[in-house]
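**Student:** What follows is a predicted protein model with its sequence.
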Amino acid sequence: EPFTRSDLVLDSTHWGQWVVGKFSPWLQLDSVHEPLRRQSEEAFKQEVGWASHLTLQAVLLPPPASKAVNYAHCINQAAISNPHLQFWVRVPVCGRTAPPDDAAATFEKEGIAGEAASGQDDAMNGSKVWASWNQLRCLCEHAVNVGVALELTEDLPSDLDEIERWLGEPLRLLVIKTSIFLTNKKGYPALSRRHQQIFVRLMKLSPRILVCGRPDCHAEGLGAYTKYLRYLLSKRPDPTEQDRFESPYYDYLQAPLQPLQDNLESQTYETFEKDPVKYREYERAVMMALTDLHADACEDVVVMVVGAGRGPLVAASLAASKRAGIQIRVFAVEKNPNAVVTLQSRCQREPEWAHVTVVPGDMRSWEAPQLANILVSELLGSWGDNELSPECLDGAQRYLKPGGISIPCDYTSYVAPLSSSKLWNEVKNFKDLLHFETPYVVKVHNAFEMAETKPCFYFSHPAENPNPDNSRYRLLRFDLSTGGTLHGFIGYFHSTLYRDVVISTDPATLSVGMFSWFPLYLPLRHPVRVADGESVAVHFWRHVSHQRVW
């Protein structure tokens, strides 16, 4: 007698696109009874083989217990042998005080998964649930085809960080039981406000949705529940222009730009020039500086733009000059010969550029014919100093008159611990040590920031010392109320352009709408498990020699 129905029930297209497999609820792969364990192992292999035969995209597995070592072993073997097949491990999101057997009893009642596959009764509450998942994930060596099927239960965690932690995990499926729904005045199913908020928050990662249980609430059956969930999703605000710009770069690793070493392409310049915030703030800063210089009876104001690119900072300085009613002379210094062509063309074609002198060459070696009152630059990297802004501006400082103004006048790098299985696996895929010792510019999406940011390195310009020491060392400690897997650190910056004009990627002082800089991801070679309430200490060095900075 066949153990299941024939594959002729559906054609291969429907099996592959519309069906998710479900493992038998009786499997107990960590049972202390050897005959039952062996029988479970054979059944597990048989069901994996059948799912692979049907070319299913994914299979749904029972929740792990705290000591489900053989369960993890079986999943790991299956994941390696079937890289095309996704293994979704069902995990309940429970409050810290949830009764131990609630989740397992629900699984068995609904017939989707029975006891935890270990065959043990473990408390399904709070951090123990996440710890069980994390142990399984680690035993599976962070396999990219092992993901989470997260179930919302009646008893949700009171601490929002318990939910945020799952945003750093490979969330593939959101399981919602009909029993957690309420009934509204019209007799239709509805979720409580807290369930609504958490549902919408988790849908940030676009997991698939599984509604399961008895459709007792309405005559339409499960359709009434799915219709309500679609309604909740339709209430989300439309993506902004910035969202549309950034979404293709979500969790996409990019090497930081090296403008000193490489000449940027026209497309790169064009992308940065579309930033609606950065150049507006630069214009404000230059106008304030011009107003202050004018108040000091300064005449013949000279503005030097170092690293002028295709001219957005020059245009911002000229606009500030017009607004302030103060005539300026501008030197635009640019080493990229291709960008120099654009600068020279703008001088010929745009009347307001009549007092702009284009200087082709490296700012570090050029000898200025006269000193500047204001030095303007946009040499900041995603982590502030990581594109060698301190070294460049220290070299260009000789262009400034005594008491001259540098825009920006200071910047601070900020850092926070980060949990992101997605980003860590992206680095792991390179299969070498070099990439784990490389920082990456990335628009972080599938991640959980485990603590608030803290300041790391600080630089100010013009430097008081003509030959400043730009080496740095900093020890930072982070207290993590909600633990997790530490996969690395995320870096931001906060920069004061002039007086109270700032640009910032640090979440606490974020310049809303600015997209010229994505955060910097600093991966760890080996992820670190951090328990709730523990602290993380991290040491940062910035070394400088005559030839390089590291």
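**Tutor:** Structure received. If you're wondering where the values come from, they're calculated on a predicted model, not measured in any experiment. Residues are numbered from 1 along each chain as shown.
**Student:** Lowest mean pLDDT among the helices and strands of this protein, which one is it?
**Tutor:** helix 102-110 (a mean of 42; mean pLDDT, DSSP states H and E).
**Student:** For the following helix or strand past that helix, buried residues please.
**Tutor:** Downstream of helix 102-110, the next assigned helix or strand under DSSP states H and E is helix 126-139. The neighbour-count check on helix 126-139 (16 or more other CB atoms under 10 Å) flags 126-137, 139 as buried. (Each C-beta comes from the backbone N, C-alpha and C, glycine too.)
**Student:** Repeat that for stretch 271-291.
**Tutor:** For stretch 271-291, using 16+ other CB under 10 Å, the buried residues are 272, 275, 278-290.
**Student:** show me the contacts for L233.
**Tutor:** The contact partners of L233, taken as CB atoms under 8 Å, 6 or more residues apart in numbering, are V200, M203.
**Student:** What separation do you get for it and F3?
**Tutor:** 38 Å (CB to CB, to the nearest Å).
**Student:** which other residues reach stretch 157-165?
**Tutor:** 93-96, 126-127, 130, 156, 198, 201-202, 419, 448, 481-482, 484.
**Student:** give me every residue that touches the residue lying closest to A508 once chain neighbours are set aside.
**Tutor:** Spatial nearest neighbour of A508, excluding adjacent residues (CB to CB, 6 or more residues apart in numbering): T453 at 6.5 Å. Contact analysis of T453 by CB under 8 Å, 6+ apart lists Y414, V415, A416, Y492, D506, P507, A508.
**Student:** And for F459?
**Tutor:** G384, D385, S389, P390, D410, Y411, T412, N470.
**Student:** Helix, strand, or coil at it?
**Tutor:** Under DSSP: H, G, I helix; E, B strand; the rest coil, the three-state class of F459 is strand.
**Student:** quick one: pLDDT of it?
**Tutor:** Here the pLDDT value assigned to F459 is 96.
**Student:** I80: which of the contacts of T453 is nearest?
**Tutor:** A416 (33.8 Å; CB to CB).
**Student:** Quick check: which element contains that closest one?
**Tutor:** Here A416, judged by DSSP H and E, is contained in strand 410-419.
**Student:** Could you name the helices and strands sitting against that strand?
**Tutor:** Packing partners of strand 410-419 (3 or more CB pairs under 8 Å, 6 or more residues apart in numbering; DSSP states H and E): strand 448-449, strand 454-460, strand 472-479, strand 484-498, strand 520-530, strand 535-542.
**Student:** quick one: contacts for C74?
**Tutor:** L29, E41, F44, K45.
**Student:** Tell me how far the first one lies from F3.
**Tutor:** Computed as CB to CB, the L29 to F3 distance reads 18 Å.
**Student:** For those two, indicate the residue with more neighbours.
**Tutor:** The neighbour count for L29 versus F3, taken as other CB atoms under 10 Å, is higher for L29 (25 against 9).
**Student:** In three-state terms, label that one for me.
**Tutor:** Assigned with three-state DSSP, L29 falls in the coil class.
**Student:** Quick check: closest non-adjacent residue to it.
**Tutor:** Spatial nearest neighbour of L29, excluding adjacent residues (CB to CB, 6+ apart): Y71 at 4.4 Å.
**Student:** before we move on, what about G513?
**Tutor:** Nearest in space to G513, with sequence neighbours left out and distances taken as CB to CB, 6+ apart, is V277 at 4.7 Å.
**Student:** Please apply the same query to V441.
**Tutor:** Here the nearest residue to V441 in space, its sequence neighbours aside, is Q254; by CB to CB, 6+ apart that works out to 4.5 Å.
**Student:** nearest to T268, of the contacts of F459?
**Tutor:** For the contacts of F459, the nearest to T268 is S389 (17.5 Å; CB to CB).
**Student:** just checking, A131 touches S66?
**Tutor:** Yes - with contacts counted by CB atoms under 8 Å, A131 reaches S66, the gap being 6.9 Å.
**Student:** Now do the buried residues in the lengthiest helix in the chain.
**Tutor:** If you go by DSSP state H, the chain has its longest helix at helix 34-53. Buried residues in helix 34-53, counted by 16+ other CB under 10 Å: R37, S40, E41, A43, F44, E47, V48, A51, S52.
**Student:** and the second one, what does it touch?
**Tutor:** By that I understand S40. Residues in contact with S40 (CB under 8 Å, 6+ apart) are W26, L27, Q28, L29, S31, A117.
**Student:** okay, now the fifth one: neighbour count?
**Tutor:** Read it as S31. Residues near S31, counting by other CB under 10 Å, number 19.
**Student:** Dump the contacts of C74 to JSON lines, plus distance to V441 and pLDDT.
**Tutor:** Listed next are the contacts of C74 as JSON lines, based on distance: CB to CB, whole Å; pLDDT from 0 to 100:
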{"residue": "L29", "distance to V441": "42", "pLDDT": "93"}
{"residue": "E41", "distance to V441": "45", "pLDDT": "95"}
{"residue": "F44", "distance to V441": "42", "pLDDT": "95"}
{"residue": "K45", "distance to V441": "43", "pLDDT": "96"}
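**Student:** Show me the residue sitting in the middle of this structure in space.
**Tutor:** The centre of the chain sits closest to V444, judged by CA atoms, centre = their mean, with a distance of 1.3 Å.
**Student:** got any ranges where the stretch 51-200 of the chain has weak pLDDT?
**Tutor:** Where the stretch 51-200 of the chain drops to pLDDT under 70, the residues are 96-126.
**Student:** if you set the cut-off to 90 instead, what comes out?
**Tutor:** 65-68, 93-129, 155-162, 183-188 (pLDDT under 90).
**Student:** could you show me where the strands are in it, in order?
**Tutor:** 58-61, 86-93, 146-152, 171-177, 182-183, 189-190 (DSSP state E, counting those that start in this stretch).
**Student:** which helices and strands sit right next to the fourth one?
**Tutor:** To tie it back to what came earlier, the one meant is strand 171-177. Helices and strands touching strand 171-177, by 3+ CB pairs under 8 Å, 6+ apart, are strand 58-61, strand 86-93, strand 146-152, helix 193-202, strand 208-212.
**Student:** Can you add distance to F518 and mean neighbour count and give those back as CSV?
**Tutor:** As requested, the helices and strands packed on strand 171-177 are exported to CSV (distance: least, CB to CB, whole Å; neighbours: other CB atoms under 10 Å):
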stretch, distance to F518, mean neighbour count
strand 58-61, 30, 22
strand 86-93, 28, 25
strand 146-152, 25, 23
helix 193-202, 22, 16
strand 208-212, 27, 17
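**Student:** how distant is stretch 61-75 from the center of its chain?
**Tutor:** 29 Å (CA atoms, centre = their mean, to the nearest Å).
**Student:** can you pull the buried residues of that stretch?
**Tutor:** So, applying 16+ other CB under 10 Å, buried residues of stretch 61-75: 61-65, 67-68, 70-75.
**Student:** any chance of those in TSV, with distance to A368 too?
**Tutor:** Converted to TSV, those look like this (distance: CB to CB, whole Å):
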residue	distance to A368
L61	68
P62	71
P63	68
P64	66
A65	71
K67	70
A68	69
N70	72
Y71	70
A72	65
H73	68
C74	70
I75	65
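**Student:** Let me know the closest of the residues you listed to E151.
**Tutor:** Using CB to CB, those come closest to E151 at P63, 8.3 Å.
**Student:** My read is that that closest one contacts K128, right?
**Tutor:** No - at 11.3 Å, P63 does not count as touching K128 under the criterion of CB under 8 Å.
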